[in-house]
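[1] quick one: sequence plus predicted model below, questions after.
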Amino acid sequence: MEDTRLGAILIESRIIREEDLERCLEIQTLASGNRPLGQILVDEMLIDQATLDNLLRIQQARRQRALGSVPVEPAHAGRFLEAAAAVGANELHLSEARLPLARVAGELVALDSERLAGPEVWQFVREYMGPHMLEDIADRRSVTKEFASIGLARGRITAFRHTDGIAVNVRIHPPEVRPLEELDLVGAVRDTLTACKGMILLTGESGSGMTETFASLLHATAAHGNRHILVLDDCIEYPEPSGDARVCMRRVGLHTTDYAAGLRAAMRQNPDAIFIGDASEPEAFHLALNAAESGKLVVAVVHGETTSSVIEHCLGLFPS
């Protein structure tokens, strides 16, 4: 299958050198992924706007060919998940009376030219969420559940009612957790995981890869040996690590009322490491910081658009 990434197309076309591409990717990382790679290339005067426009046309053509390579069978409820995974989408949106959409590189693209009929959406819900889930949606108006399709994808499905019937939003992650070596993290992060002491904060926009990074750090920590690791998350979209570590997975809303309550209970369990799916709220962040100061490893997600905005948010929790 053709590579649809802009960077890969640049290297294949021999338009820029690999070291120049790596430098632009580093600039994009420093901007928390908010600046498109193509715009950075133009700003750095490595390509002009006309070349960028041509590259984007090539990229779009490859994506369309990738979509066309996935067989679409009307009776197959999972065909749109397969199509979305094939083009590297991180979201799938299915809704009665509307076009099926996937989010690829931040943009929504249609997976078919035909609007979905109700039975197609209902069958998707039954197949990936359970045979009785439609009744739960009727009672509760909205239901969220993790899913894993072997060899294809894993993630979280939210099904809900709206004016046209039932809609489904799917967050898509790769089927396997990426090894830490593939994340190109700075040495200080790896050293902190090895020492199992300190605090690591993950931040970024929705779809920027926080969940995948969170899962990779969790698996790497569990692989270091006989440790007691506690995980607090409202939706566990990643597999539990295997190995010698004792990993306790607690779902917020099911096993504890909220993150703060889960963290207070965690300190009584004396874990070596605590992984927190969301420490954005003041009380949860204070408790997470206290845990790190007591000598534990704390890895926490703090939602924000940029690294600087998250730092400002954290500092604002401690008024002078």
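    Right, received. Where do you want to start?
[2] going forward, measure contacts between C-alpha atoms and count neighbours the same way
    OK.
[3] packing partners of whichever strand or helix holds residue 308?
    Residue 308 is part of helix 307-316, with elements assigned from DSSP states H and E. When contacts are defined as 3 or more Cα pairs under 8 Å, 6 or more residues apart in numbering; DSSP states H and E, helix 307-316 packs onto no helix or strand at all.
[4] can you list contacts of it?
    The contact list for helix 307-316 (Cα atoms under 8 Å, 6 or more residues apart in numbering) reads 32, 203-204, 302-304.
[5] for it, give the mean pLDDT please.
    Helix 307-316 carries an average pLDDT of 73.
[6] circling back to that earlier point, export the contacts of helix 307-316 to JSON lines and tack on pLDDT, distance to residue 38 and neighbour count?
    Below are the contacts of helix 307-316 laid out as JSON lines (pLDDT from 0 to 100; distance: Cα to Cα, whole Å; neighbours: other Cα atoms under 10 Å):
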{"residue": "32", "pLDDT": "50", "distance to residue 38": "15", "neighbour count": "18"}
{"residue": "203", "pLDDT": "85", "distance to residue 38": "23", "neighbour count": "21"}
{"residue": "204", "pLDDT": "77", "distance to residue 38": "20", "neighbour count": "20"}
{"residue": "302", "pLDDT": "85", "distance to residue 38": "28", "neighbour count": "23"}
{"residue": "303", "pLDDT": "80", "distance to residue 38": "26", "neighbour count": "22"}
{"residue": "304", "pLDDT": "71", "distance to residue 38": "23", "neighbour count": "18"}
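[7] the strands in the stretch 1-150 of the chain, which residues?
    91-95, 101-104, 107-110, 142-149 (DSSP state E, counting those that start in this stretch).
[8] want to throw those strands into TSV with mean pLDDT and distance to residue 129?
    Shown next, in TSV, are the strands of the stretch 1-150 of the chain (pLDDT from 0 to 100; distance: least, Cα to Cα, whole Å):
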stretch	mean pLDDT	distance to residue 129
strand 91-95	94	14
strand 101-104	91	19
strand 107-110	89	23
strand 142-149	87	7
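[9] okay if I get those strands as CSV plus distance to residue 157?
    Formatted as CSV, the strands of the stretch 1-150 of the chain follow (distance: least, Cα to Cα, whole Å):
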stretch, distance to residue 157
strand 91-95, 9
strand 101-104, 14
strand 107-110, 17
strand 142-149, 5
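[10] determine the three-state secondary structure at residue 170.
    Following DSSP: H, G, I helix; E, B strand; the rest coil, residue 170 is assigned to strand.
[11] wait, isn't it in contact with residue 156?
    Yes - using Cα atoms under 8 Å, residue 170 is in contact with residue 156, at 5.7 Å.
[12] wait, residue 241 touches residue 225, no?
    No - counting by Cα under 8 Å, residue 241 does not reach residue 225; the two are 11.8 Å apart.
[13] so those two - more neighbours on which side?
    A count of neighbours by other Cα atoms under 10 Å puts residue 241 above the other of residue 241 and residue 225, at 18 against 13.
[14] helix/strand/coil for residue 157?
    Per three-state DSSP, residue 157 ends up strand.
[15] list the contacts of it.
    129, 144-147, 168-171.
[16] what's the local residue count around residue 269?
    11.
[17] so for it, what pLDDT did the model give?
    90.
[18] next: the one 4 residues further on.
    The predicted local distance difference test score for residue 273 is 95.
[19] before we move on, what about residue 65?
    68.
[20] over to the one 10 residues further on?
    Listed pLDDT for residue 75 reads 47.
[21] ditto for residue 320
    Residue-level pLDDT assigned to residue 320 equals 61.
[22] 40 is where my numbering starts, stick with that
    Shifting the count to begin at 40 puts that one at residue 359.
[23] nearest to residue 309 among the contacts of helix 346-355?
    residue 341 (23.0 Å; Cα to Cα).
[24] return the member of the contacts of residue 196 nearest to residue 272.
    Out of those, the member with the shortest distance to residue 272 (by Cα to Cα) is residue 185, at 12.0 Å.
[25] if I look at that closest one, how far off is residue 290?
    For residue 185, the distance to residue 290 equals 12 Å [Cα to Cα, to the nearest Å].
[26] joint contacts of the two?
    274-275.
[27] run through the stretch 240-359 of the chain and note the low-pLDDT ranges.
    Residues of the stretch 240-359 of the chain that meet the criterion pLDDT under 70 lie in 246, 344, 357-359.
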